[in-house]
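[1] sequence first, then the predicted structure, then my questions.
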Amino acid sequence: MLIGCIGDDFTGSSDLANTLSKQGMKTVQYTGVPTDSSSKDIEAGVIALKSRSIDSAEAVQQSLEALSWLKEQGCEQFFFKYCSTFDSTEEGNIGPVIDALAKELNAYKVIICPAFPGTGRSIYQGHLFVHDALLNESGMQSHPLTPMTDPDIRRWLKKQTQNNVGHIAANIVLSGSEKIKTALQDQHEKGNRLIVVDALTDSDLYEIGAAADKLPLITGGSGVAIGLPANFSRQGKIGKERTPWKGESGKCIALSGSCSKATREQVTIHCKHNPSYEIDASDVIQGKLLAKNIVEWALNSSGIPIIFSSADPIKVKQIQDSFGQERSAFALEEFFAELARQFVEAGITKILTAGGETSGAVVEGLKLNTLEIGPEIDPGVPALRAGESLVVALKSGNFGAPDYFEKAAAILGGKI
Ligand SMILES: Nc1ncnc2c1ncn2[C@@H]1O[C@H](COP(=O)(O)OP(=O)(O)OP(=O)(O)O)[C@@H](O)[C@H]1O
Ligand SMILES: O=C(O)[C@@H](O)C(=O)CO
């Protein structure tokens, strides 16, 4: 294995795996730290953790365990993947995890770059934009778990890290990889270990990738990984033959616990032409809803049935005020996991999930240990083979085109 990656959630990990795979690396996503060694032909491995919203000491411990396994697989470079909207609270977990990985790898000049231009995330003067809006005016300020109220990534990160935070501005990035390399060295000499790097377009990210050749630790969204595989292909180290994508026949089910703006629009559009079941969050939390009734309903429905709890920030706040944020998230996530288990038992072979935490709960609930990366559905969302007769797609909240669910179902069915 050449690049060893740690993702702080499941959809984010498949987003990163998608990028590395598209750039020619044979890539696999693992659920948690594997117990066995990886197969020798894997060039990039992404360990998906569910560590974005847990206690930061626990996130650090899990990330270090993942790092240790990746080191054992012989990785030459390591990547920590967090959200392209830098989802974290002021207390962590991005800073503490980076500090711990950097210490363990003796890494300096650690790039911090959440940019993902393909989905509208760019960084200019250290500030994160989602399309034309600053992060804190993009809807992310009302995220149910990690409300992002400050668009200045340098300032947000400083609250979380023990290290000094530096910055490489867009004018330097636009001058190309050699200038970026020099700027990284300058920042290092100034004592800045974590360096926020501006990036507006994919071509900036290719330059940053070239400048990151041989750096032990890179961190960011999936975007900044776009230029890393080229460093290995220049050395003739990658280029294995790919297994062609094969879909599954049969009914596809969509499960959405994502309350992000993009998902809510996709759900509304999907519901116009497909059977839909809106879960009442308070019923789930109070144990008044039975998964088996919903499964029966879906199995007897036509089209691509969708089951969702996706709701706007006002409804989410009402639920959280009544039952507490942790209790409501846990109950809903467990309910989606239970639905998925019952669907698979009933012979369903294609499952779409929306929302990082929701997808994590479903993947863990189904005990899907290894996911092979298939074709891209929309930027950041690949089709995944989870087993001999199960294919899935894990969508991050704000990813995907308005017609995402139908498109994803078609690709899981083998249409490319
Ligand atoms: N109706 C609801 N009321 C309260 N909480 C909800 C409701 N529906 C979903 N949730 C919870 O909100 C959280 C949504 O997080 P999730 O990561 O799944 O989606 P997302 O934030 O849109 O996705 P991403 O993290 O990929 O951007 C989950 O913990 C989910 O259980
Ligand atoms: O980077 C992103 O935006 C996504 O991969 C993600 O992590 C959302 O959960």
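    Sure thing, it's come through. Ligands and ions are numbered 1, 2, ... in the order given.
[2] does the strand or helix carrying T11 come close to ligand 2?
    In this structure, T11 is located in helix 10-22 according to DSSP states H and E. Yes: residues of helix 10-22 contacting ligand 2 under CB under 6 Å from any ligand atom: T11, G12, D15. C-beta here means a position set from N, CA and C on the backbone, and glycine is covered the same way.
[3] among those, which are within reach of ligand 1?
    T11.
[4] from the residues of helix 10-22 next to ligand 2, pick the one nearest A408.
    Nearest to A408, judged by CB to CB, of the residues of helix 10-22 next to ligand 2 is T11 at 12.5 Å.
[5] I'd guessed the closest one sits against K395; true?
    Yes: between T11 and K395 there is a contact at 6.1 Å, judged by CB atoms under 8 Å.
[6] which one's more surrounded, those two?
    The residue with more neighbours, out of T11 and K395, is K395; 31 against 28, by other CB atoms under 10 Å.
[7] from L390, how far off is A383?
    Per CB to CB, to the nearest Å, A383 is found 12 Å from L390.
[8] where exactly do the strands run in the stretch 151-300 of the chain?
    165-168, 194-197, 217-220, 252-256, 276-278 (DSSP state E, counting those that start in this stretch).
[9] go through the protein and flag its longest helix.
    helix 325-345 (DSSP state H).
[10] is that helix in proximity to ligand 2?
    No: Helix 325-345 stays out of contact with ligand 2 when judged by CB under 6 Å from any ligand atom, the minimum separation being 14.0 Å.
[11] what parts of the stretch 51-200 of the chain come near ligand 1?
    Residues of the stretch 51-200 of the chain lying near ligand 1 (CB under 6 Å from any ligand atom): H143, P144, L145.
[12] considering these, which possesses the most neighbours?
    Most surrounded of these: other CB under 10 Å gives P144, at 22 neighbours.
[13] quick check: phi and psi on that one?
    Main-chain dihedrals, P144, degrees, to the nearest 10: phi -60, psi -30.
[14] what's the answer for L49, then?
    Taking degrees, to the nearest 10 as the convention, L49 sits at phi -110, psi 170.
[15] leaving aside the residues next to it on the chain, what's closest to it?
    Sequence neighbours aside, Q62 is the residue nearest to L49 in space, at 5.2 Å (criterion: CB to CB, 6 or more residues apart in numbering).
[16] number of residues surrounding the one you found?
    Neighbour number of Q62 under other CB under 10 Å is 21.
[17] so where does it fall, helix or strand?
    Using DSSP H and E, Q62 sits in helix 56-72.
[18] which parts of that helix are buried?
    S56, A59, V60, Q62, S63, A66, L67, W69, L70 (16 or more other CB atoms under 10 Å).
[19] same deal with stretch 301-315?
    S301, I304, P305, I306, I307, F308, S309, S310, A311, P313.
[20] out of A383 and L390, which sits in the busier spot?
    A count of neighbours by other CB under 10 Å puts A383 above the other of A383 and L390, at 28 against 18.
[21] that one belongs to a strand?
    Yes: under DSSP: H, G, I helix; E, B strand; the rest coil, A383 falls within a strand.
[22] close to ligand 2: what parts of this protein are there?
    Of all the residues in the chain, those lying near ligand 2 are 9, 11-12, 15, 83-85, 116, 221-222, 356, 380, 396, going by CB under 6 Å from any ligand atom.
[23] what sits against the residue of the chain found nearest ligand 2?
    As assessed by CB to the nearest ligand atom, ligand 2 sits closest to G12 within the chain, at 2.6 Å. Applying CB atoms under 8 Å, 6 or more residues apart in numbering to G12 gives the contacts A48, R52, K81, Y82, C83, G221, S222, G356, S396.
[24] need those residues in TSV (columns: neighbour count).
    As requested, these are exported to TSV (neighbours: other CB atoms under 10 Å):
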residue	neighbour count
A48	31
R52	25
K81	28
Y82	25
C83	29
G221	29
S222	32
G356	31
S396	29
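[25] and which of those is nearest I294?
    The closest of the contacts of G12, once distances to I294 are taken by CB to CB, is G356, at 22.2 Å.
[26] correct me if wrong: the closest one contacts F10.
    Yes: between G356 and F10 there is a contact under CB under 8 Å: 6.3 Å.
[27] nice, that's everything, thank you.
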